[in-house]
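>>> Generate a structure from the sequence data that follows.
(2 chains)
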Amino acid sequence: MSALESTYRRLLRTYPPTYRREHGEELLGTLLEASAGRRSPSLRETAGLIGGGFTARVRAVTHHPMSWWADGLHLGILLIALANLAMDLAYAYPQPWNGYTPWVIGSLVLTVALVRGWLWVALPLALALAFPTVGGPLLGTGLRGVLAAHGPVYAGPQTWFLVVQYLTMTVGLIALALRPSRELRRRSYGWLVIPLAVWASTHTYTSMTWTVRPILEILMLAAGVWATAAARDLRWLMAALIFVPASIGPDTAVALVGSGSPTPDATVTWGIEVGLTMVIGLMALRTRRPQA
Amino acid sequence: MRAMSEPTYFILASLLDGPLHGYAIIKRAEEQSGGRVRLAVGTLYGALDRLADNGLIAVDREETVDGRPRRYFTINDDGIDAVTQEAKRMEQAARIVVRRRPGTVTP
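Coordinates of the predicted model:
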């Protein structure tokens, strides 16, 4: 096997396994024909394969039997859980065992269950986590006092931040459980790299976390724009419509009622997130145009 | 109707004379576009998959060459309609400019 063929085989790993099994050898033959006389792939072919592999993966997602709205709802809930886990992990550092440990374990198991599509693990766990989160602020200080030791934040705007997020996750999971087919997509454990990377970049619960989180959210929404442009499917719009309001809505509401004021950074972040969601919507609506 | 992208146009146009395999489409599109459209292999197969999903082309047959499979793609009626409409749109747009005498400017 030539060095060129080896390189192409490695690049073809950007395609989903099913696609590689069906068409990998054909693509390889065409690549070798198109690269006759070369010893290494051109930048154009390399970019084409990486883009083509991503597109094939995105298109494979749309061929899943799960309906677009349910898959988008599931993805939106997963994004909320991933973003929360990125912050929750900070509570397990530097002392892994402390008063917040049950909350962190709950957040981790909920996220793993959502990644793997274990609906009947995720739903009761989301309810269990939502009860102290939502119940505390809504039902009064008595319940809050009892359960506060197991939750990270129970005062100020962050309370409502968590309330909206856990309500969204719980109601969304109930909607998914009420479908005739309760199957959820099983995603790769690789999704867990996202919160771990954020946690590793911060180590402690500092203002750095609040810098990394918006960047992470914007990157995920940008990936949603690319995926929607490649597949012309509504599921990423659904996910963004679940994730963005749950992410920026509470802070926006607090700012609007006058008990807080958004910083310029936060305003820019919200603007970018809303703008990217609108771009996803525009991309999703352009479904009938044949493109190369 | 929105304009078709140039690569899509030349992929469909390359199939008007009969079924072709991937590398032949790349060569034909490059020739017919005067060298402007040089399709990367990953881009080409992504476009072929999308055009097949949209019902504009289909797989005509599959052969094995040097131990590797090779699909031949054919354009169908919807594909011929789409590329023909695009050609007419471009012709109409071009006529506005080409029919003018050189050097004339409309006040």
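
>>> For the residue nearest the centre of chain A, what is the enclosing helix or strand?
With distances taken as C-alpha atoms, centre = their mean, the residue of chain A nearest its centroid is residue A:79 (3.1 Å). Here residue A:79 sits within helix A:68-88, counting by DSSP states H and E.

>>> And residue B:92, by the same measure?
helix B:77-98.

>>> Could you name the helices and strands sitting against that helix?
Judged by 3 or more C-beta pairs under 8 Å, 6 or more residues apart in numbering or on different chains; DSSP states H and E, the packing partners of helix B:77-98 are helix B:6-14. Bear in mind the C-beta positions are built from the backbone N, C-alpha and C, glycine included.

>>> Would you mark the buried spots in the helix it packs on?
B:7, B:8, B:9, B:10, B:11, B:12, B:13, B:14 (16 or more other C-beta atoms under 10 Å in any protein chain shown).

>>> Just the closest of those to residue A:172, please.
Using C-beta to C-beta, residue B:8 is the member of these that sits closest to residue A:172, with 37.6 Å.

>>> measure the nearest residue to residue A:187 once chain neighbours are set aside to residue B:45 for me?
Leaving aside its sequence neighbours, residue A:187 sits nearest to residue A:115 (C-beta to C-beta, 6 or more residues apart in numbering or on different chains; 5.0 Å). Counting by C-beta to C-beta, to the nearest Å, the gap from residue A:115 to residue B:45 is 30 Å.

>>> if I pick residue B:49, what's in contact with it?
The contact partners of residue B:49, by C-beta atoms under 8 Å, 6 or more residues apart in numbering or on different chains, come to A:56, A:59.

>>> what's the helix or strand for it?
helix B:41-53.

>>> who in chain B is up against chain A?
B:2, B:4-8, B:11, B:21-23, B:26, B:38-47, B:49-51, B:53-54, B:56, B:65-66, B:68-71, B:82 (C-beta under 8 Å from any C-beta of the partner chain).

>>> Show me which residues of the stretch 101-250 of chain A sit near chain B.
Proximity of the stretch 101-250 of chain A to chain B (C-beta under 8 Å from any C-beta) is limited to residues residue A:230.

>>> Indicate the residue of the stretch 101-250 of chain A located nearest to chain B.
Residue nearest to chain B within the stretch 101-250 of chain A: residue A:230 (7.9 Å; C-beta to the nearest C-beta).

>>> Run through the residues that contact residue 3.
Chain wasn't specified; assuming chain A. Counted by C-beta under 8 Å, 6+ apart, residue A:3 has contacts A:39, A:40.

>>> right idea, wrong chain: chain B
B:86, B:89.

>>> Is it in a helix, a strand, or coil?
coil (DSSP: H, G, I helix; E, B strand; the rest coil).

>>> per-residue pLDDT, it?
Residue B:3 carries a pLDDT score of 72 in this model.

>>> For residue A:14, which non-adjacent residue is closest in space?
Per C-beta to C-beta, 6+ apart, closest to residue A:14 is residue A:53, 2.7 Å.

>>> Thank you, goodbye.
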